[in-house]
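Chemist: The following block contains a protein sequence and its predicted model.
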Amino acid sequence: MFSREMLQAAPAKINLALHVVGQRKDGYHELESLMVFAEIGDELRAVPAENDSLAITGPFGTGLTAGPNNLVLRAVAGFRERWPSIAPGPMAFTLAKNLPVAAGLGGGSADAAAALRLLRDASSGEVPLDGLLDLAAQIGADVPACLVSAPLLARGAGEILEPLQSFPKASVVLVNPLIEVPTGEVFRKLLSRDNPPLPALPEAMDRPVQLALWLTETRNDLQPPAMELVPQIGAITERIAGSPGCMLARMSGSGATVFGVFGSSAQAHQAAHELRALWPDYWVAAAPLIQPEA
Ligand SMILES: C[C@](O)(CO)[C@H](O)COP(=O)(O)OP(=O)(O)OC[C@H]1O[C@@H](n2ccc(N)nc2=O)[C@H](O)[C@@H]1O
Ligand SMILES: Nc1ncnc2c1ncn2[C@@H]1O[C@H](COP(=O)(O)OP(=O)(O)OP(=O)(O)O)[C@@H](O)[C@H]1O
């Protein structure tokens, strides 16, 4: 049980590679994606209260409503419905929204996953991991991966997860032109739903050069349709790719955020500094990637 303030990080998700390999009968697309998470994101806090409530702060909090459709409260409601006897008492949640919304960084999914982890930790009994993952998948395709928040391969619609044992130390630069992109619209613009799968990963991938080589054989199949909606993605990708030390520049998820991967944190920060000067109105961030759990 909990009596003090609890805190959960909601790290940004990055699809280093995303192949669309099929479509299910219910319309959802089958994906293969190498997903990683950055040490930057939203933050969810909770204290005991008379009723469940949500307040939103932070630079990207203004456009979001804190009603029952917010992914945090949907996760809370889903958890209470599934585990009523062990769920903690009501809580006042505060979400610091540091990530841009509808940006391909899985911000809302990360918030939902943070709420699920927080409730699990505050519960009075054991919450089964498979049940938590199942609930996560009902909330959104990216929520199961965000529960893990460490390098992983995702398959299906995002519910089949294979965490990686090793991953090289790397940092990313993230650039978003502050144009929201609805995920469903990008999937609808896809020309082919039946693309080649991801190449096999090397047995151990602990050196940046191995990652860089593997990534050259991969794509984000959602980048061409997203670029129809937001043409700036093309110029941003080119400019990041030209930054010293950048091993790959590509769009994440359904966009419009473009990432650059760097083996060195200093080079990532230097690139961010230059990109901020070039595009003062865009959101630009640099952060290390979260490593696999030991
Ligand atoms: C594109 C990714 O960001 C890759 O990580 C995710 O698959 C999207 O995850 P998400 O934002 O949690 O997606 P959801 O909120 O579940 O779905 C939003 C919409 O995207 C489309 N969608 C999403 C995921 C998927 N595998 N196939 C789809 O066709 C559906 O039209 C759906 O209505
Ligand atoms: N807590 C939340 N944070 C962000 N968006 C939320 C939240 N709750 C509900 N939403 C809604 O979810 C939609 C998707 O937002 P989100 O930031 O998760 O998208 P995204 O980064 O593009 O995700 P993905 O990478 O999965 O495509 C938005 O249109 C927003 O209105």
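Modeler: Okay, I see it. Ligands and ions are numbered 1, 2, ... in the order given.

Chemist: Closest residue of the stretch 151-294 of the chain to ligand 2?
Modeler: Relative to ligand 2, the nearest point of the stretch 151-294 of the chain is Gly253 (3.3 Å; Cβ to the nearest ligand atom). Bear in mind the C-beta positions are built from the backbone N, C-alpha and C, glycine included.

Chemist: Next, that residue: secondary structure please.
Modeler: Put simply, Gly253 is coil when judged by DSSP: H, G, I helix; E, B strand; the rest coil.

Chemist: What strand or helix carries the closest residue to it other than its chain neighbours?
Modeler: Spatial nearest neighbour of Gly253, chain neighbours left out: Gly104 (3.3 Å); criterion: Cβ to Cβ, 6 or more residues apart in numbering. Using DSSP states H and E, Gly104 is not contained in any helix or strand.

Chemist: Quick one: residues contacting Gly104.
Modeler: By Cβ atoms under 8 Å, 6 or more residues apart in numbering, the contact list for Gly104 reads 15, 181, 226, 251-257.

Chemist: Try it again at 7 Å.
Modeler: Residues counted as contacts of Gly104 (Cβ atoms under 7 Å, 6 or more residues apart in numbering) are 181, 251-257.

Chemist: try Met227
Modeler: Applying Cβ under 7 Å, 6+ apart, we find Met227 in contact with 233-234.

Chemist: For the remainder of this discussion, apply numbering that starts at 571.
Modeler: With 571 as the first residue, the last one maps to Met797.

Chemist: Quick one: residues contacting the closest residue to ligand 1 within the stretch 571-720 of the chain.
Modeler: Among the residues of the stretch 571-720 of the chain, Gly710 lies closest to ligand 1, at 3.2 Å counting by Cβ to the nearest ligand atom. Contacts for Gly710 (Cβ under 7 Å, 6+ apart) come out as 641, 678-679, 682.

Chemist: And Gln793, by the same measure?
Modeler: Counting by Cβ under 7 Å, 6+ apart, Gln793 touches 803, 820-821.

Chemist: Export those residues as a markdown table, with columns for distance to Ser741, neighbour count and pLDDT.
Modeler: Converted to a markdown table, those look like this (distance: Cβ to Cβ, whole Å; neighbours: other Cβ atoms under 10 Å; pLDDT from 0 to 100):
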| residue | distance to Ser741 | neighbour count | pLDDT |
| --- | --- | --- | --- |
| Ile803 | 21 | 26 | 98 |
| Arg820 | 15 | 22 | 98 |
| Met821 | 18 | 27 | 98 |
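
Chemist: for this structure, what's the longest strand?
Modeler: Assignment by DSSP state E gives strand 599-618 as the longest strand of the chain.

Chemist: I figured Gln837 was touching Met817, is that so?
Modeler: No - the pair formed by Gln837 and Met817 falls short of the contact definition of Cβ atoms under 7 Å, at 10.0 Å.

Chemist: count of residues packed around Val591?
Modeler: Residues lying near Val591 (other Cβ atoms under 10 Å) number 16.

Chemist: Surely it is in a strand?
Modeler: Yes - assessed with three-state DSSP, Val591 lies in a strand.

Chemist: Enumerate every residue touching it.
Modeler: Contacts for Val591 (Cβ under 7 Å, 6+ apart) come out as 600-602, 764-765, 767.

Chemist: mind checking how far it is from Ala727?
Modeler: Distance of Val591 to Ala727, computed by Cβ to Cβ, to the nearest Å: 11 Å.

Chemist: Now do the strands in the stretch 571-720 of the chain.
Modeler: For the stretch 571-720 of the chain, the strands defined by DSSP state E, counting those that start in this stretch cover 576-593, 599-618, 623-627, 661-666.
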